[in-house]
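S.K.: Predicted model and sequence below, questions to follow.
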Amino acid sequence: MKVDLHIHTTYSDGAYSPEMIIDAALECGLNVIALTDHDNVLSYDIAKKYADENGKKIEIIQGVEINTMYKEYEVHILGYFPNVNDSDFQAMLKFQQNARIYQAKEMITLLRKKEGIRIKFEDIKKLVAPMGSIGRPHIARAITNAGGTGSVMEAYAKYINDESPVYIKRKTVSPHDACEIINEAGGIPVFAHPIDVEISDTLAKELINYGLRGIEAYHRKHSPAVVEYYSTLAEQYGLIITGGSDFHAPSQGHGTIALGKNFVPSWVYDELLKEKRRIEIS
């Protein structure tokens, strides 16, 4: 069984629509996938409908990736099997979406005032699927499309970084709140790509008190040694292990090693289902 529990679509910063993800996943021989767009859950129903109506045999897990800030660290919390109709869960997603819109609009103002780059909010909005999550990639592309830079990479280097005078940090929920809300919505909160967070060891231990139930040990950024490290940490903390490619696009650093190419043992899926059943009967 081939498993990928971390995939993005055009409803956040992915290049493939939900339908394209289904077809690409099947071409890769995947049996189980989780759609984990940033701060929204819109792609799941579309992908499920497409798969069901076209006889596509693949297990699709409802997921989400919540972008949070803690001190100076950006911490991403994955959530699997949440009740998406839970009022607190819905409120969290709305808060996150509003923060993204505010960030984009403030940056538009600063780009015009400080750099003479004129873009409209609609220029950014059209680069993501309807009601999807606006983020750094869309702002960078809009700057480039307006002629503000010669490439998206240049836009990142000049404007989409914490040191840029036109960059506005997003105000998000905390990782503690994200874990607690996902947990109370019947979902399974997981610490995503912990290699990106310098204090991941101590923070993971702290987040257990707020409902954290897993660590993403398998990830395209993680070497075999890093996989072993976080697998051991998960065992030490009594957490499940998850993993995925964190697929965004078939290029720009997410290429052939991405969708379906990142080795995730089939038992990872079994443990996720076991945790789901444990929550359901508790």
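M.R.: Arrived safely, thanks for sending. Residues are numbered from 1 along each chain as shown.

S.K.: next one: phi and psi at Lys49?
M.R.: Note on Lys49: backbone dihedrals following degrees, to the nearest 10 are phi -60, psi -40.

S.K.: OK, contacts around Gln90?
M.R.: Val84 (CB atoms under 8 Å, 6 or more residues apart in numbering). For the C-beta atoms, the positions are set from N, CA and C on the backbone; glycine is no exception.

S.K.: where's Pro137, which helix or strand?
M.R.: Using DSSP states H and E, Pro137 sits within helix 136-145.

S.K.: Show me what the helix or strand following that helix is in contact with.
M.R.: For helix 136-145, the following helix or strand on the C-terminal side (DSSP H and E) is helix 152-158. The contact list for helix 152-158 (CB under 8 Å, 6+ apart) reads 136-137, 139-141, 143-144, 148-149, 164.

S.K.: give me that answer again for 7 Å
M.R.: Helix 152-158 is contacted by residues 140-141, 143-144, 148-149, 164 when judged by CB atoms under 7 Å, 6 or more residues apart in numbering.

S.K.: where does the stretch 151-282 of the chain have low pLDDT?
M.R.: Residue ranges of the stretch 151-282 of the chain with pLDDT under 70: 251-262.

S.K.: which residues of this structure fall in helices?
M.R.: 18-27, 43-53, 87-110, 121-125, 136-145, 152-158, 175-184, 200-207, 224-237, 266-281 (DSSP state H).

S.K.: and the two most separated of the contacts of helix 152-158?
M.R.: Using CB to CB, these reach their maximum pairwise distance at Arg141 and Ser164, which is 16.1 Å.

S.K.: tilt between the longest strand along the chain and helix 43-53?
M.R.: Assignment by DSSP state E gives strand 59-70 as the longest strand of the chain. Relative orientation of strand 59-70 versus helix 43-53 (axes from the mean of the first three to the mean of the last three CA atoms, to 10 degrees): 170 degrees.

S.K.: which residues touch strand 59-70?
M.R.: 5, 31-39, 41, 44, 47-48, 51, 74-82, 84, 96, 172-175, 178, 192, 203.

S.K.: Quick one: mean pLDDT for it?
M.R.: Averaged over strand 59-70, pLDDT sits at 98.

S.K.: how about it: buried residues?
M.R.: For strand 59-70, a neighbour-count test (16 or more other CB atoms under 10 Å) marks 60-70 as buried.

S.K.: Output that strand as CSV, restricted to C-alpha atoms.
M.R.: What follows is strand 59-70, C-alpha atoms only, in CSV (Å, rounded to 0.1, in the frame of the first residue of the first chain):
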residue,chain,number,x,y,z
GLU,A,59,-9.0,6.5,-0.2
ILE,A,60,-9.2,10.2,0.4
ILE,A,61,-8.7,11.5,4.0
GLN,A,62,-10.1,14.8,5.1
GLY,A,63,-7.3,16.9,6.4
VAL,A,64,-6.0,20.5,7.0
GLU,A,65,-2.8,22.2,7.7
ILE,A,66,-3.1,25.2,10.1
ASN,A,67,-0.3,27.8,9.8
THR,A,68,0.4,29.2,13.3
MET,A,69,3.0,31.4,14.9
TYR,A,70,4.7,30.8,18.2
